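1. model the structure of this input:
(chains A and B)
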Amino acid sequence: MTIYLDHAATTPLRPEALEAMLPLLTEDFGNPSSPHAYGRRARMALDEAHEVVAACLSAQPREIVFTSGGTEASNLAIKGAAWAGRAEGHRIVTSAVEHDATLHAVGHLAKFGFEVVELPVDRYGRVDPDELAAAIDERTILVSIQMANNEVGTVQPLAELIAGVRRVAGRRVLFHVDAVQAAPYLAIDTQALDADLISLGAHKFEGPKGSGVLWIRHGTALMAQTHGGGQERYRRAGTENVAGAVGLATALRLTCEERADTVKRLRRLRDRLRDAVSAVPGVEPTGHPRQRLPGHLSVIVRDADGPGIVVALDLEGIAASAGAACTTGSPEASHVLAAMGYPDEEARGALRFSLGRTTTEDEITRAVEVIPPILARLRVGSVALAADPLGQEVGV
Amino acid sequence: MSGGVDSSVAAALLHEGGVEAVGVWMRLHDVADTYSEFKKSCCSLDAAEDARRVAGQLGIPFYVLNLEREFGAGVLAPFLAAYQAGETPSPCVDCNSTVKFGALIGRARKLYECDAVATGHYARVDEVDDPDAPGGRRFRLLRGADPDKDQTYFLYGLRQDQLARTRFPLGELTKPQVREVARRRGLVTAEKPESQEICFVPGGDYRDALRQRAGWQETPGPLLDRDGALVGAHRGAAAYTVGQRQGLGVALGEPRYVARIDAAANLVQLGRREDLERRTFEVRDVSFTAGRPPAPGAFDCEVRIRHRAEPVPARVERLTADEPGRRGTWRVEVERPVWAAAPGQAAVFYRGDEVLGGGRIASSPRA
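-> Below is the predicted model of the structure:
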């Protein structure tokens, strides 16, 4: 029996989403821009997808732009807002713990003369509202802060952060919220949250990969980053991924309907896992103890190496993560933990277990039996290896 | 799994033999990042992709392990130090002793509960009765069945405990057979060319590595002929290797080779071809695969001073005893002269197919 505890990386596609998508991949294959019956059927499905997503976000359908995923949504939000606001200013404020989709997008803009401010965070990964407000000046055109962190699960005090910006800014400074990681678990109400741009990625909430959403508050000036046809109200050219949009909409609707139950259940299961895992000597949780995603458990295993632990867990059928996905064995420590004040030597032991809606009680019952001994063994093994890294002690 | 055909087939054979195999690609240095366009190098990211693909074809787990620190300490540092001391390093020997069959065996056992490390080396290990060995049994390191591919020259440093945890699935095969196995299984690496260069020197010029990793700069010094006459300037002693003929920048009527390097004095001395022939030389840091020499004071064997060279019959005699942290020096007297015995290079002792052990050629004080 294998146990999937890496839902922060991706989730399985919900059967309901798959079912909703299938007709658009088969008989209803038309191009939504075509005037004939085939096109009309696809257009209808796409329109409904806009409506469903809008309803989930308390938004208007025309505020919804479907993208190829969370990364594209954030890139469109950040680059689109930056270039549209270039005449007003060139300062972009973000935080040191953002996802690379944000940090690399603003890094790209920095090459074109935009000024990028990366705010520090506290030990739990939170941005201080006063510090954010203090970073806003008359040249500031955009703020981009995530709703919850992918690596350590910490939820940002977004309402206070946005209120602080609104209080000090003399005009509307656009506020982009990367809600990719938060969307499965936190309610996103665009009426209540005074943001301008919100990114979502379908595959984090059991929708298909390659499908995302950027919510753009009506009236927000944004410069398109993909040029071609007039799709998505000229904000994202290219024939729409209708099946992807429908899959996203279906998954998001169900996610919102079930959210309260899912959150309650996952918090309980996560706490069980947390108690078992942090009972292992040398293991300590990271991120905020309470203001965190319900299914998210991030820890540091002292003396050990996160990628090495992930291998050992995988060999025992447990799918976990060392933090952000890493494929090349690059030794760079997490920028998130570094910003939270963890030295490299501690950060290298970072490990993340993320539960999802489909995680079962039985899986956690088994996980709490299997995982702690593996962590304990890896720690002992790592200490032994550190004493003899090149295996030169005869007979060991 | 390096991403080459040999380790691909080794993995395939293990897997098909019923072994629970786990594929691993070792990230050993930053060349993977900086030189990914050098497709020839076995350590580029492309190689990792090929290894991953083969593991996928076989249906075995596959991981990238980061062993940069270990490689730095066990291979890179001695490599740079050797050149800077005017010697010729043997990085592949160090990599086998300290990384593949050192650090990796350690991880395999201490972290992942694996029993052994298997590689695509052309070499064999067997176990024989030996009344003098602890437990009455000992492991032997034997030459690979393919004489053209035998890689035991680079493996002489393995100890009994390492040999006990080493598997060479290609030991009985020839290279053409290995390619055939790969082709029959449709492995993506079946037709991949051999990689010859040192994996962390993608351009093939080790002086680039010296510059980048050790801050080495060209430091011209006297280039002397065999009789001590000054015949030119060299670019810095570390840029030369004993036996080197190319790039000396002198024309002296008949061919000249680098015969001696004195790094401390930044001096390079040339010689005629016959000046580089040696009947005796000393070998330091000598280890024996059995854990002890075949005889305490002296023994007969065959010696190789470079990969794939014809082993030459020799008498090997102990000069100094092993000390803690430093193994002994032995004197080698070869039956026929060997050419260009470069200090720092491995000298490996064979008896027939068996590797007895070996060490590093010492810079001879009497040269």
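
2. for the chain, longest helix please?
-> No chain was given, so I picked chain A. helix A:242-278 (DSSP state H).

3. that was the other one, I meant chain B.
-> When chain B is parsed with DSSP H, its longest helix is helix B:45-58.

4. any idea how far the nearest residue to A:Ala376 once chain neighbours are set aside is from B:Asp94?
-> Among residues not flanking A:Ala376 along the chain, A:Val280 sits closest, at 5.2 Å (Cβ to Cβ, 6 or more residues apart in numbering or on different chains). Every C-beta, even on glycine, is put in place using the N, C-alpha and C of the backbone. Distance of A:Val280 to B:Asp94, computed by Cβ to Cβ, to the nearest Å: 36 Å.

5. where are the low-confidence patches of chain B?
-> B:32-45, B:364-367 (pLDDT under 70).

6. swap in 80 and give it another go.
-> Chain B contains residues with pLDDT under 80 at B:31-45, B:195-197, B:202-203, B:364-367.

7. hmm, B:Gly236 and B:Glu218 touching each other?
-> Yes. Between B:Glu218 and B:Gly236 a contact is recorded at 4.9 Å, counting by Cβ atoms under 8 Å.

8. so between the two, which is more surrounded?
-> B:Gly236 (20 against 13; other Cβ atoms under 10 Å in any protein chain shown).

9. return the residues in contact with the more buried one.
-> Going by Cβ atoms under 8 Å, 6 or more residues apart in numbering or on different chains, B:Gly236 touches B:216-221, B:266.

10. quick one, phi psi at it?
-> Per-residue torsions, B:Gly236: phi 130, psi 130 (degrees, to the nearest 10).

11. gap between it and chain A?
-> 30 Å (Cβ to the nearest Cβ, to the nearest Å).

12. kindly report the domain assignment for the chain.
-> If you meant another chain, say so; for now it's chain A. Segmentation of chain A into domains, based on automatic domain parsing, reads A:3-8+A:259-383, A:15-255.

13. not quite, go with chain B.
-> Domain assignment of chain B by automatic domain parsing yields the ranges B:5-120+B:169-184, B:218-271, B:275-361.

14. return the most buried member of those domains.
-> Most buried of the domains of chain B, by mean neighbour count (mean count of other Cβ atoms under 10 Å in any protein chain shown): domain B:5-120+B:169-184, with a mean of 20.

15. now check that one, is it near chain A?
-> Yes. Domain B:5-120+B:169-184 lies within reach of chain A by Cβ under 8 Å from any Cβ of the partner chain, at B:22, B:25, B:27, B:32-33, B:45, B:48, B:61, B:63-66, B:68-70, B:73-74, B:98-99, B:101-107, B:110-113.

16. you'd agree A:Val301 is up against A:Arg377?
-> No. The criterion here is Cβ under 8 Å, and A:Val301 misses it with A:Arg377 at 11.0 Å.

17. comparing the two, which residue is more hemmed in?
-> With neighbours defined as other Cβ under 10 Å, A:Val301 and A:Arg377 compare such that A:Val301 has more, 25 against 18.

18. interface residues of the stretch 101-250 of chain B facing chain A?
-> Counting by Cβ under 8 Å from any Cβ, the residues of the stretch 101-250 of chain B lying close to chain A are B:101-107, B:110-113, B:159-162.

19. from what I see, B:Ala21 and B:Ala11 are in contact.
-> Yes. Counting by Cβ under 8 Å, B:Ala21 does reach B:Ala11; the two are 5.8 Å apart.

20. now do A:Thr154 against B:His234, distance only.
-> Distance, A:Thr154 to B:His234, by Cβ to Cβ: 60 Å.

21. sec struct for the residue sitting nearest the centre point of chain A, please.
-> The residue lying closest to the centre of chain A (Cα atoms, centre = their mean) is A:Gln181, at 2.8 Å. Three-state call for A:Gln181 (DSSP: H, G, I helix; E, B strand; the rest coil): coil.

22. is it true that it touches A:Ala8?
-> Yes. Look at A:Gln181 against A:Ala8 with Cβ under 8 Å: they come within range, at 6.4 Å.

23. quick check: end-to-end length of stretch B:228-247?
-> Across stretch B:228-247, the terminal residues are separated by 20 Å (Cα to Cα, to the nearest Å).

24. I meant stretch A:110-130, not that one.
-> Distance between the two ends of stretch A:110-130: 24 Å, counting by Cα to Cα.

25. before we move on, what about stretch A:279-288?
-> By Cα to Cα, one end of stretch A:279-288 lies 18 Å from the other end.

26. stretch B:328-346 too?
-> 15 Å.

27. how far is stretch A:93-108 from where the chain is centred?
-> Relative to the chain's own centre, stretch A:93-108 is displaced by 13 Å; criterion: Cα atoms, centre = their mean, to the nearest Å.

28. off-centre distance for the host helix or strand of B:Gln177?
-> Counting by DSSP states H and E, the element that carries B:Gln177 is helix B:175-184. Between the centre of helix B:175-184 and the centre of its chain there are 24 Å (Cα atoms, centre = their mean).
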